[in-house]
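1. sequence and predicted structure, then a few things I'm wondering about:
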Amino acid sequence: MSMRTIYITQYDLERLNQLIDEAEESISQDRHYLEKLEEELSHAEVVPPNQIPDNVVTMNSKVCLVDQESQEEKILTLVFPKDADISQGKISVLAPIGTAMLGYRTGSIFQWDVPAGKKHFKVAKILYQPEAAGDYHL
């Protein structure tokens, strides 16, 4: 995984660290994704909510992604597990694609592992970012 800067508020960092701690106690598989999330957070730059760039995928951001193979668009909202609902396009940060997209900027391409190999998505547009909208505690 390449090093990249993830911008995150102290509020979200605390909630994500608590989530990781709770998940580590309750799951026995898919620890790989928890480790990836922990690694990403260890490189995070903690900033006030009003200083997070508006082109960065943060928690509760609604994002338009483009599959780089099929060119199909997906609209997903990155949420905490309790709010996940795939039928509404709400994907958990603990899901592989959720962990993968956290912190990427508009125009960036990220990858995540699927059973058939790797999928590559481009962050085409951020449709809603809570920090940019002044919603600091979603």
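-> That came through fine. Numbering: from 1, shown residues only.
2. pull out the buried residues from the longest helix belonging to the chain.
-> Counting residues, the longest helix found in the chain (DSSP state H) is helix 10-26. Using 16 or more other Cβ atoms under 10 Å as the burial criterion, the residues of helix 10-26 that qualify are 12, 15-16, 19-20, 23. Where you see a C-beta, it was placed from the backbone N, CA and C, and this is true even at glycine.
3. what do you get for stretch 75-82?
-> For stretch 75-82, burial by neighbour count (16+ other Cβ under 10 Å) applies to 76-80.
4. how near is the spatially most central residue of the chain to Ile109?
-> Centre of the chain computed as the mean C-alpha position; nearest residue by Cα atoms, centre = their mean is Leu102, 2.6 Å away. Distance, Leu102 to Ile109, using Cβ to Cβ, to the nearest Å: 15 Å.
5. what separation do you get for the nearest residue to Gln88 once chain neighbours are set aside and Gly117?
-> Spatial nearest neighbour of Gln88, excluding adjacent residues (Cβ to Cβ, 6 or more residues apart in numbering): Thr77 at 7.7 Å. Computed as Cβ to Cβ, the Thr77 to Gly117 distance reads 26 Å.
6. for Glu14, same thing?
-> From Glu14 to Gly117 the distance is 35 Å (Cβ to Cβ).
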